[in-house]
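Chemist: Could you look at this predicted model? Sequence included:
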Amino acid sequence: MQTSSLTFKLRLKVVNGARKRPYMLVQVGLEYRYMPPVAKLMEIVKSGTPGQVKMAAMREHRFPFLVKVSNWNRFNVNKGGTLVEKCCHFFDLMKLFAGANPVRVMASGAMDVNHKDEIYDGKFLGEAFVPESIVRFGSRADGRDGVQTLKAEDERIKYEGLHHASNYLEHLNFLPAIREKGAKTPAVDLQDGLISVATGVAAQLSIEKSRFVSIEEVLDEDNCEAFT
């Protein structure tokens with residue numbers, strides 16, 4: 001995980017450098033926030049209807065990694081680990097739903113099924129229902145009959161493409177910050193990106209070391225204030 005640590009230090013350098021240039025506008029591409037079903041569920045949570053959030057759980061059922069340029073996404077040395085590359089978006093959503101930054105991380109993982117037959121240059125490869133755009137919510141007291149189902153749609157979307165047009169919506173969200181020349185700050189800044197990546201790095205270290213990993217362990221002590 002030395003490469004992940006080095007990469008993370010470079011990210012900290014970027015964040016600290018941006019703080020010295022407040023005139024710069026930077027928005028991080030954590031576009032999953034803008035998927036209509038996720039945004040609708042977040043709206044419900046923020047309304048206070050469910051009460052205080054005690055736990056956030058997510059599941060993703062997806063195909064194996066796509067083939068990309070020079071197969072860069074197959075190796076930890078290039079991306080810091082799968083939980084950094086693929087899951088930083090989900091860690092960002094969990095932070096939003098919980099309304100707090102993570103303190104420590106525990107993860108498990110292995111490569112027992114996918115990509116086992118792939119060789120590169122002699123190296124072996126070591127509840128919002130998003131697809132249906134449906135949101136369901138209800139209270140334990142009301143039971144199954146009290147569950148409400150909503151269809152989450154955004155009238156601004158003319159063509160969904162990939163990710164339910166969330167990348168289009170995030171650009172629409174960024175436009176006011178550009179047009180108002182600093183009067184409005186970007187909704188997703190470098191701090192949000194740093195937190196999501198730090199969680200992924202901690203998860204990768206947890207798999208490697210088979211133990212909990214604190215966020216402070218990932219961050220340099222001198223930079224821990226950047227995470228608060």
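Modeler: Structure received. Worth saying up front: this structure is predicted, and the values here are computed from it rather than measured. Residues are numbered from 1 along each chain as shown.

Chemist: And the next helix or strand past the host helix or strand of V77?
Modeler: Using DSSP states H and E, V77 maps to helix 76-79. Moving toward the C-terminus from helix 76-79, the next helix or strand (DSSP H and E) is helix 82-85.

Chemist: which other helices and strands contact the helix or strand following that next one?
Modeler: Following helix 82-85 in sequence order, the next helix or strand is helix 88-98 (DSSP H and E). Contact analysis of helix 88-98 by 3 or more C-beta pairs under 8 Å, 6 or more residues apart in numbering; DSSP states H and E lists helix 36-46, helix 190-209 as its packing neighbours. (Glycine included, C-beta is placed from N, CA and C.)

Chemist: For the shortest one, buried residues please.
Modeler: Neighbour counts over helix 36-46 (16 or more other C-beta atoms under 10 Å) mark P36, P37, V38, A39, K40, L41, M42, V45 as buried.

Chemist: other SSEs contacting the helix holding V77?
Modeler: Contact partners of helix 76-79 among helices and strands, from 3+ C-beta pairs under 8 Å, 6+ apart: helix 2-19.

Chemist: before we move on, back to that, among the helices and strands packed on helix 88-98, which is nearest K151?
Modeler: Evaluated over those, closeness to K151 peaks at helix 36-46, with 8.8 Å, by C-beta to C-beta.

Chemist: which helices and strands sit right next to that closest one?
Modeler: helix 88-98, strand 128-129, strand 134-137.

Chemist: Please identify the deepest-packed of those.
Modeler: Mean neighbour count (mean count of other C-beta atoms under 10 Å) peaks for helix 88-98 among those, with a mean of 20.

Chemist: just to revisit the earlier point, take the helices and strands packed on helix 88-98 and lay them out in CSV including distance to Y23.
Modeler: As requested, those are exported to CSV (distance: least, C-beta to C-beta, whole Å):
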stretch, distance to Y23
helix 36-46, 30
helix 190-209, 14
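
Chemist: Nice, that's everything, thank you.
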